[in-house]
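Peer 1: just need the structure, nothing else, for what follows:
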Amino acid sequence: MSPLPIAILGSGKGSNFQAILTAIQAGRLNVRPVLVATDVSGAGILDLAASAGIPTMVISEPKFRTRLSTDVETALAQQLKDAGVELLVLAGYMRLLKSPLLEAFPRRIINIHPSLLPAFPGLEAWKQALEAGVPTAGCTVHFVDGGMDTGEILAQSEVPVLAGDTAASLHARIQVAEHELYPRVLARFADRELP
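Peer 2: Residues are numbered from 1 along each chain as shown. As a prediction, this is how the structure comes out:
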């Protein structure tokens, strides 16, 4: 079966993208990243993509901080379609997606979030979990819809909150779980097991 063409949207250093690349290189994941796009010039994810020989793009959005304007998002959707992208993978992308991308890729945009959704949507979910005193945190892979971390859940991985955990130590353990879970869910798309 031919590799599933994907694009990655990220805003940060790209640790989940690195986990995806590692799984591809190990032969555990039959996907082909055709584009890595970011809304942050100088984001670490760009260096990872360049090292892997994957084309990159910086999205310029001067009007809004938490989303893309309709024109910018429409142009991005068309660029992704033109590149043959079949699945859009969010990896630390910090803007909400709206109708141009959601309509261009129905049930074809996924995200990983560092909590057991629906608990603790939004920013710094590991800090929210720690402050709430829950015994278990974790991560969730979900379809993206128009809300903040509200899409249909595809898979979750639990991470215990340990006595003496700090935000940093809990976040680090959640990231280990993310790096295992995200490639595993992507493999289900690559094997054409998910719609």
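Peer 1: any regions of the chain where pLDDT drops low?
Peer 2: For the chain, the stretches with pLDDT under 70 are 195.
Peer 1: which outside residues touch whichever strand or helix holds residue 188?
Peer 2: For residue 188, the host element (DSSP states H and E) is helix 167-190. For helix 167-190, the surrounding residues in contact (CB atoms under 8 Å, 6 or more residues apart in numbering) are 1, 3-4, 6, 15-16, 18-20, 22-23, 28-31, 87, 89, 91, 110, 112, 114, 124, 126-127, 129-130, 137-139, 141, 154-159, 161-162, 194. For glycine as for every other residue, the C-beta is placed from the backbone atoms N, C-alpha and C.
Peer 1: run the chain-centre distance for it.
Peer 2: The chain centre lies 10 Å from the centre of helix 167-190; the measure is CA atoms, centre = their mean, to the nearest Å.
Peer 1: go on, stretch 60-77?
Peer 2: For stretch 60-77, the distance to the chain centre is 18 Å (CA atoms, centre = their mean).
Peer 1: now do stretch 161-180
Peer 2: 18 Å.
Peer 1: and stretch 33-41, by the same measure?
Peer 2: That offset, for stretch 33-41, works out to 12 Å (CA atoms, centre = their mean).
Peer 1: got the buried residues for it?
Peer 2: For stretch 33-41, the neighbour count (16 or more other CB atoms under 10 Å) marks 33-40 as buried.
Peer 1: quick one: the helices in this structure?
Peer 2: 15-25, 44-51, 70-82, 99-104, 125-132, 167-190 (DSSP state H).
Peer 1: just the buried positions in the fourth one, please.
Peer 2: Using 16+ other CB under 10 Å as the test for burial, helix 99-104 gives 100-102, 104.
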